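**Q** I need the structure of the sequence given here:
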Amino acid sequence: MRPRIVGLDVDAMDWAPLGPPGLFSKLLSRDPETGARTALQRMDPALGYQAPTIAHFHTTYEEILGIDGRFSFDSKLWVVPGAYVFHPPRTVHGFKSTVPQESLFLSRVGRDLDVNLVPEPAGDQLYVVEGPAPARSPAAYGDAVGALGWKPANLLGRAVSCCVLSTDPETGEGSALVELPSGWTSDAQARSDYLEIFVLTGNVEFGKIPVSSGRAYSFFPPQAGIPTLRAVAASRLYVNFGRAL
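**A** Okay, here's the model as predicted:
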């Protein structure tokens, strides 16, 4: 199980090289048993990064939220700030990848990432190779909010505006963008599922732990105590959850 993390200052972290030139990461959390992890990734072609040239798939899910710059898996849909991509296990992608400029994205995977090449894909649209159909379908939005809109929801006992990105219809596990108005305050509680929060914009604090303006990350395992969350300023969060909000 991943450890409890509260208010990690992501901007203060150093970039760690991942091996290929121009590819860097800030590891935010990782489950040592399964390899499931969340990381902020950086690709920089000016430092030698080259996009994959062959389509491929992973045997775990891959979830991506655009943070800065732009890149594409198919040279059609661009992953820009606010874009969202979900590849269930065995989803073929990377038909015509391109990274024309330095780009940052949040990356979530369910285990250590493997790469299975598909030199001759069946088409140029996302599809799942042989096996049972995934509960969460593939998703790709260049502008997630524009495509999905905002809806009322509940986060930690209080009303919020929520843009649900994708969910598992069987378990309720999923991801969403959440808007908090300035002064919004939650209830302190513990959930039976995990809760993961990445502060995209604004300023929040957890209990007596202030989180400075900028990108910040928190992870609460099942049954872990979640202190009161307060929006010091209007804030937008990227939230991942183990059951429906």
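
**Q** is it true that Arg37 touches Thr60?
**A** No: with contact defined as C-beta atoms under 8 Å, Arg37 and Thr60 do not form a contacting pair (10.4 Å). (Each C-beta comes from the backbone N, C-alpha and C, glycine too.)

**Q** what do these two both touch?
**A** Residues touching both Arg37 and Thr60 (C-beta atoms under 8 Å, 6 or more residues apart in numbering) are Val109.

**Q** pull up the pairing partners for whichever strand or helix holds Ala140, direction included.
**A** Assessed by DSSP states H and E, Ala140 sits inside strand 139-141. Applying DSSP bridges, strand 139-141 is found paired with strand 84-87 (antiparallel).

**Q** any idea how far the strand it pairs with is from the chain center?
**A** 9 Å (C-alpha atoms, centre = their mean, to the nearest Å).

**Q** quick one: mean pLDDT for the helix or strand just after the strand holding Ala140?
**A** Downstream of strand 139-141, the first helix or strand assigned by DSSP H and E is helix 144-148. If you average the pLDDT over helix 144-148, you get 98.

**Q** element containing the closest residue to Pro152 other than its chain neighbours, please.
**A** Distances taken as C-beta to C-beta, 6 or more residues apart in numbering put Ala159 closest to Pro152, at 6.2 Å, once the chain neighbours are dropped. Per DSSP H and E: Ala159 is located in strand 158-167.

**Q** in that strand, what counts as buried?
**A** For strand 158-167, a neighbour-count test (16 or more other C-beta atoms under 10 Å) marks 160-167 as buried.

**Q** in CSV: the residues you listed, plus distance to Gly7 and pLDDT.
**A** Shown next, in CSV, are the buried residues of strand 158-167 (distance: C-beta to C-beta, whole Å; pLDDT from 0 to 100):
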residue, distance to Gly7, pLDDT
Val160, 19, 97
Ser161, 23, 98
Cys162, 22, 97
Cys163, 23, 98
Val164, 25, 97
Leu165, 23, 98
Ser166, 26, 97
Thr167, 26, 96
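
**Q** can you list contacts of the strand holding Ala140?
**A** By C-beta under 8 Å, 6+ apart, the surrounding residues in contact with strand 139-141 are 77, 83-86, 126, 147-148, 165-166.

**Q** do stretch 120-136 as well
**A** Applying C-beta under 8 Å, 6+ apart, the contact partners of stretch 120-136 are 55, 57, 61, 74, 86-93, 95-96, 118, 138, 140, 166-171, 173-174.

**Q** how about stretch 30-39?
**A** The contact list for stretch 30-39 (C-beta under 8 Å, 6+ apart) reads 1-2, 25-29, 106-112, 196, 198, 217, 219, 240.

**Q** buried ones among these?
**A** Among the contacts of stretch 30-39, the ones that count as buried by 16+ other C-beta under 10 Å are 2, 25-26, 28-29, 106-111, 196, 198, 217, 219, 240.

**Q** many thanks, I have nothing further to ask.
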